[in-house]
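Peer 1: Let me see the structure of the following:
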Amino acid sequence: MTDLNQQSLAAAPEARQAMKRIAPALGSYTDSVLFGTLWQRPDLSKRDRSIVTLSAIIARNHTAELDFYLEFALDNGVSTAEISEIITHLAFYSGWGAAMSAIEVAQPLFTRRSVEPASLLGAAVAFLKIDETTESQRAAMAEQSAGKVAPGLVQFTTDVLFKDLWLRSGLAPRDRSLVTVSALVAAGHFPQITYHLNRAMDNGLTEAQASEVITHLAFYAGWPNAFSSVPVMKDVFEKRAKY
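Peer 2: Numbers count the residues shown, from 1 in each chain. Predicted coordinates for the structure are as follows:
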C-alpha cells in the first residue's frame, strides 16, 4: 500500500469503518483505484488534484468528505490562504450556500491549525493587472448574449467578477481557472466550459493537464459529467490547434 493510501486511511477512520460495514467493495476501489492509481498519475501534481477535488466537492456540496480533503490539500501544498480564496471564488460559481457550507466545515480545521484572520486576504487586496483587450472582448460577448435580458447580471459580471474577483492576488490565474473549470464540470454547467477552458489554457493549463482534470473529475463528479464535458473540451482543443 502506498504512503498516500496510508495517509487517507489514517485520516478518515470513521469513513473507512463505514465502508467496511456498508460497501466493502467501495473500500477496495478507494484503496486500489482512487488513491492507489488515480492520485498517482503524473499529468497533474497532487496540489493540482487537491484544488480540483476541493472545487468539485464544494460545488456539489458534498460536505461529508470535505474535512478530510481540506487537510489533504494542506498536506499537498495548498495554503490556508488559498483555501480561503477558493471558497470565496466558489461563492460566485457555485452559490453562496455552497461557500457557507464549506466555511462551516473549514472553521474547525482553521482553529486546529491556529489560522488567524489576519493571515487571510480580505476585500482590500493587491489586484493583478487586467488585460484590457481580453476584458473588452469578454464584456462585448456578455452584453450581446445577456445585455437585453439581464443587464444587472452583465454589470455585476464585469464589475465584481472580472474586474475584482478574478484579479485578486490570493490565487494564481491558472489556479483560479482550475477551480472554475472543475466546478463547472462538477455541476454539469457544460455551456460555460468553453470560455473558461480557453481562459485556463491561456493562463497556462496544458492540454494534457486539462485532459487529466476530466479523468480526475470522473471519480469526484461522476462518469456522466466527465463524459458530457468531453465534446466541449474536444472542440476547444481542436480550435486552439488551428491557431
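
Peer 1: and residue 43, helix, strand or coil?
Peer 2: coil (DSSP: H, G, I helix; E, B strand; the rest coil).

Peer 1: Show the pLDDT at it.
Peer 2: For residue 43, the pLDDT comes out at 95.

Peer 1: Residue 148 - that's part of a helix, no?
Peer 2: No: counting by three-state DSSP, residue 148 is not found in a helix; it is coil.

Peer 1: what sits against it?
Peer 2: Not one residue lies near residue 148 by Cβ atoms under 8 Å, 6 or more residues apart in numbering. C-beta coordinates here come from the backbone N, C-alpha and C atoms, glycine included.

Peer 1: What residues of the helix or strand that contains residue 16 count as buried?
Peer 2: Here residue 16 sits within helix 13-22, counting by DSSP states H and E. Neighbour counts using 16 or more other Cβ atoms under 10 Å place 15, 19 of helix 13-22 among the buried residues.

Peer 1: Kindly format the C-alpha coordinates of that helix as CSV.
Peer 2: Taking Å, rounded to 0.1, in the frame of the first residue of the first chain, the C-alpha atoms of helix 13-22 are listed here in CSV:
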residue,chain,number,x,y,z
PRO,A,13,-11.0,6.0,10.1
GLU,A,14,-14.8,6.5,10.6
ALA,A,15,-15.4,6.6,6.9
ARG,A,16,-13.2,3.5,6.4
GLN,A,17,-15.2,1.6,9.0
ALA,A,18,-18.5,2.7,7.4
MET,A,19,-17.3,1.4,4.0
LYS,A,20,-16.2,-1.9,5.6
ARG,A,21,-19.8,-2.3,7.0
ILE,A,22,-21.8,-0.9,4.2
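
Peer 1: Can you give me the neighbour number for residue 44?
Peer 2: Burial measure for residue 44: 23 neighbouring residues, criterion other Cβ atoms under 10 Å.

Peer 1: Could you give the number of residues near residue 122?
Peer 2: Residue 122 has 9 neighbouring residues, counting by other Cβ under 10 Å.
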